[in-house]
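Engineer: here are the coordinates; sequence isn't available:
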């Protein structure tokens, strides 16, 4: 049975309300329903993992949080997504500002064909920052946030495309951090990485949750178990259950969740 969040029973964290509140959200492309009736909250400074088999709507949900799905002309939606209480689909929402506040890292890293430094400084420069000292600070803090600074601090002027795959992925994370987002969306960020690079991404997530809310879409249930505070299980476009990760993995409330985690399907 699909979980329904009672709006009058929203949990708070340290007296704070949810960073994101999703109420009755549905999504479709050309009339093909991909998500329906999603009720979910994303709390301040937590790592929320979203798991589920292919075609369960995980990435569509993620792209709904910063309105990237709007780029598809056939996309339609129902319900509401509130960011700090503001409807992201509202007429007063600046979509460009939304996408700065809600940064996204994709499965395949795509560094710009410039230096490491210029990759990170690009966004801040577009935002009007020209002071070299300020840019230097942003580049250093962003690379430190992505646990990449110590590996590249002596070669910031070299091409970013010369980095390893794992380093490129952390560079893309640093590029997002340079814009000072409030919410980080990670769509299979470790799918093509080796175990050492994956561990570094997960270590970065643990540090970054001190400041950001993080949503991780992953097909790797072991990663979800390691690298999240809460886990949501999606199946056939519906949210089946969501709860503390330890509880979901050791004592799931729904048999379909148990079957997926234990490898009976998916």
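Structural biologist: Yes, it's here. All figures in this text were calculated on a predicted structure; none of them were measured in a lab.
Engineer: you'd agree residue 175 is up against residue 121?
Structural biologist: No - at 9.4 Å, residue 175 and residue 121 do not qualify as touching, with contact defined as Cβ atoms under 8 Å. Heads up, the C-betas are built off the backbone N, CA and C, glycines and all.
Engineer: need the phi and psi values for residue 235.
Structural biologist: Here is the backbone geometry of residue 235 (degrees, to the nearest 10): phi -150, psi 120.
Engineer: what about the strands in the stretch 51-200 of the chain?
Structural biologist: Listed in chain order, the strands of the stretch 51-200 of the chain (DSSP state E, counting those that start in this stretch) span 75-83, 86-87, 102-105, 183-187.
Engineer: note down every partner strand of the second one and its orientation.
Structural biologist: Going back to what we said before, that points to strand 86-87. Strand 86-87 has these partner strands in its sheet, going by DSSP bridges: strand 75-83 (antiparallel).
Engineer: got the angle for the strand it pairs with vs strand 183-187?
Structural biologist: Using axes from the mean of the first three to the mean of the last three Cα atoms, to 10 degrees, the interaxial angle of strand 75-83 with respect to strand 183-187 works out to 140 degrees.
Engineer: closest one to residue 159 among the strands of the stretch 51-200 of the chain?
Structural biologist: Closest to residue 159 of the strands of the stretch 51-200 of the chain, according to Cβ to Cβ: strand 102-105, at 20.3 Å.
Engineer: mind listing the strands the closest one pairs with, and their directions?
Structural biologist: Strand 102-105 has these partner strands in its sheet, going by DSSP bridges: strand 183-187 (parallel).
Engineer: need the residues that contact the strand it pairs with.
Structural biologist: Outside of strand 183-187, the residues within contact range by Cβ atoms under 8 Å, 6 or more residues apart in numbering are 19-20, 42, 59, 62, 65-66, 83, 101-107, 176, 205, 208, 212-217.
Engineer: would you format the strands of the stretch 51-200 of the chain as CSV with mean pLDDT and mean neighbour count included?
Structural biologist: Converted to CSV, those look like this (pLDDT from 0 to 100; neighbours: other Cβ atoms under 10 Å):
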stretch, mean pLDDT, mean neighbour count
strand 75-83, 97, 17
strand 86-87, 96, 13
strand 102-105, 96, 22
strand 183-187, 97, 23
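Engineer: all good on my end, thank you.
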